[in-house]
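Colleague: Need a 3D model of the sequence below.
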Amino acid sequence: MNKKNLTIIITFLMIATVTAAAAVLFLFPYQPDQPPQAEDTGSTQQGIQKVINANNQFAFEIYSELNKAEDNNIFYSPYSISAALAMTYEGAKGQTANEMKSVFHFPENNILRPNFAAIYNKINKKNKPYKLNTGNALWAQYDYPFLDEYMSLIEKFYGGKAANVDFVKETEKSRQTINTFIEEQTNNKIRDLIPEGVLNEMTRLVLTNAIYFKGTWKWEFDKSDTSNQDFKITPTNVVKTPMMYMNPDKATFNYADTEELQILELPYKGEDVSMLILLPSENLESIEPFMTSQKLDEYKNQMKETKLDAIHLPKFEFDSKYFMKDTLRAMGMPTAFSFDADFSGMDGTLNLYIDKIIHQSYVKVDEEGTEAAAATAVVMAEKGIAMPRDIFKADRPFIFIIQEKETGNILFMGRIIDPTK
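Modeller: Numbers count the residues shown, from 1 in each chain. Reported below is the predicted structural model:
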């Protein structure tokens with residue numbers, strides 16, 4: 001072999017090596033703090049409301065399901081779960097798609113896509129007096145033949161750009177890359193979303209959503225007024241907790257007092273986002289079985305601007321993690337997790353199914369405002385007591401919701417059983 005031919009062979013080998021390495025270069029799909037725009041042409045107010053109604057209905061239905069398994073604090077983002085599963089749903093066919101549509105109440109695709117995009121873009125709008133952002137991503141096995149149409153559709157309507165990873169040979173590195181991306185999207189509040197051992201050599205795709213919010217109360221609580229007070233988990237189980245206090249001299253609050261509960265809206269600066277607190281007159285068990293998105297609307301319709309003499313709210317901070325396979329199976333979509341699953345819209349085959357769904361969340365409420373974050377990962381594998389009426393004192397278990405005020409879109413939802421945990 002002459003020297004010229006040897007040089008050519010070595011050059012080709014070097015190019016082939018570089019190409020192979022580039023194929024599994026572990027890069028983020030985009031800068032975590034710069035989520036891409038989604039295509040919302042064709043969205044309408046009516047369509048946006050249909051998607052929001054679907055999200056809010058799911059929010060209460062999954063609350064009911066989590067309530068069966070949890071006897072303590074609950075916190076999650078229905079928006080994050082719906083977003084991750086909407087991207088997954090786009091690849092589903094047949095019975096798999098029908099069950100997912102039923103659980104998440106998705107409208108038809110021509111309504112879901114542009115209006116989901118419009119909601120996503122609104123959450124990510126610039127120049128806000130609070131921080132609120134969300135981002136979607138696909139983490140794909142670099143040599144698995146996903147359909148270009150599917151990848152393009154997710155990027156177009158969901159802002160879900162794809163990144164190549166290697167679950168087969170670099171499982172741990174793939175996991176760490178995804179987790180790092182989620183951490184950066186959530187101001188380091190969601191750490192280790194995907195635990196060790198969740199991914200394996202049969203993983204082919206991970207779909208992620210992250211959402212982060214940090215807002216300051218329009219009317220902040222004075223830290224000097226916070227004091228340790230009783231919080232009645234039950235009439236006989238009382239704990240001491242830091243209770244914030246406000247005597248809002250000049251402010252009025254959107255408020256209603258019904259036989260079942262008191263409902264109070266606390267706005268954040270900018271007034272685009274607010275927290276709703278549903279404080280039952282008796283106990284959570286008296287309202288939880290009846291809570292739906294329609295019931296919430298009934299309560300909200302009774303609210304009016306009200307001058308309150310005092311507001312008491314406990315400080316709290318906690319995180320939650322849910323492995324949602326059994327929850328969503330019980331809600332009516334078992335096929336997606338079985339070997340009968342049809343996600344042929346992703347790859348043109350019947351080879352994929354949902355292996356795991358992980359949802360992790362964080363919330364902190366203090367005198368200044370609220371910080372909340374959540375992330376969802378869908379892992380696709382290849383087969384093989386009476387209160388005075390002019391005082392709002394949340395000194396017993398309650399439900400709380402963080403919503404976009406104008407649309408009522410529920411971004412986060414939870415309950416406080418024990419604020420000390």
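Colleague: From residue 322, how far off is the residue lying closest to residue 187 once chain neighbours are set aside?
Modeller: Excluding the flanking residues, the one nearest residue 187 by CB to CB, 6 or more residues apart in numbering is residue 212, at 5.8 Å. Using the backbone N, CA and C atoms, a C-beta is placed for each residue, glycine as well. Distance, residue 212 to residue 322, by CB to CB, to the nearest Å: 18 Å.
Colleague: Who has more neighbours out of those two?
Modeller: The residue with more neighbours, out of residue 212 and residue 322 and counting by other CB atoms under 10 Å, is residue 212; that gives 24 against 21.
Colleague: quick one: that one is in a strand?
Modeller: Yes. Secondary structure of residue 212, determined by DSSP: H, G, I helix; E, B strand; the rest coil: located in a strand.
Colleague: Okay, buried residues for stretch 273-290 please.
Modeller: Neighbour counts over stretch 273-290 (16 or more other CB atoms under 10 Å) mark 273, 274, 275, 276, 277, 278, 279, 280, 281, 284, 287, 288 as buried.
Colleague: Let's verify residue 401: helix, strand, or coil?
Modeller: Counting by three-state DSSP, the three-state call for residue 401 is strand.
Colleague: wait, it sits on residue 266?
Modeller: No. The criterion here is CB atoms under 8 Å, and residue 401 misses it with residue 266 at 10.8 Å.
Colleague: Name the residues contacting each of those two.
Modeller: residue 275 (CB atoms under 8 Å, 6 or more residues apart in numbering).
Colleague: now the nearest residue to residue 407 once chain neighbours are set aside: how far from residue 42?
Modeller: In space, residue 407 comes closest to residue 52 once its chain neighbours are excluded; the distance is 5.4 Å by CB to CB, 6+ apart. Taking CB to CB as the measure, residue 52 falls 17 Å from residue 42.
Colleague: between these two, which one's more packed in?
Modeller: Between residue 52 and residue 42, counted using other CB under 10 Å, residue 52 has the larger neighbour count: 21 against 13.
Colleague: how's the protein carved up into domains?
Modeller: The chain breaks down into these structural domains: 45-216+317-382, 223-316+387-416 (assignment by automatic domain parsing).
Colleague: got the end-to-end distance for the first one?
Modeller: So that's domain 45-216+317-382. Distance between the boundary residues of domain 45-216+317-382 (CA to CA, to the nearest Å) amounts to 39 Å.
Colleague: What separation do you get for residue 224 and residue 246?
Modeller: Here residue 224 is placed at a distance of 12 Å from residue 246 (CB to CB).
Colleague: Which of the two has more residues huddled nearby?
Modeller: When residue 224 is set against residue 246 and neighbours are counted by other CB under 10 Å, the residue ahead is residue 246, at 21 against 8.
Colleague: right, and the secondary structure at the residue nearest to residue 407 would be what?
Modeller: Following three-state DSSP, residue 52 is assigned to helix.
Colleague: Please look at it and residue 122 and confirm they touch.
Modeller: No. Because the distance of 10.6 Å does not satisfy CB under 8 Å, residue 52 is recorded as not touching residue 122.
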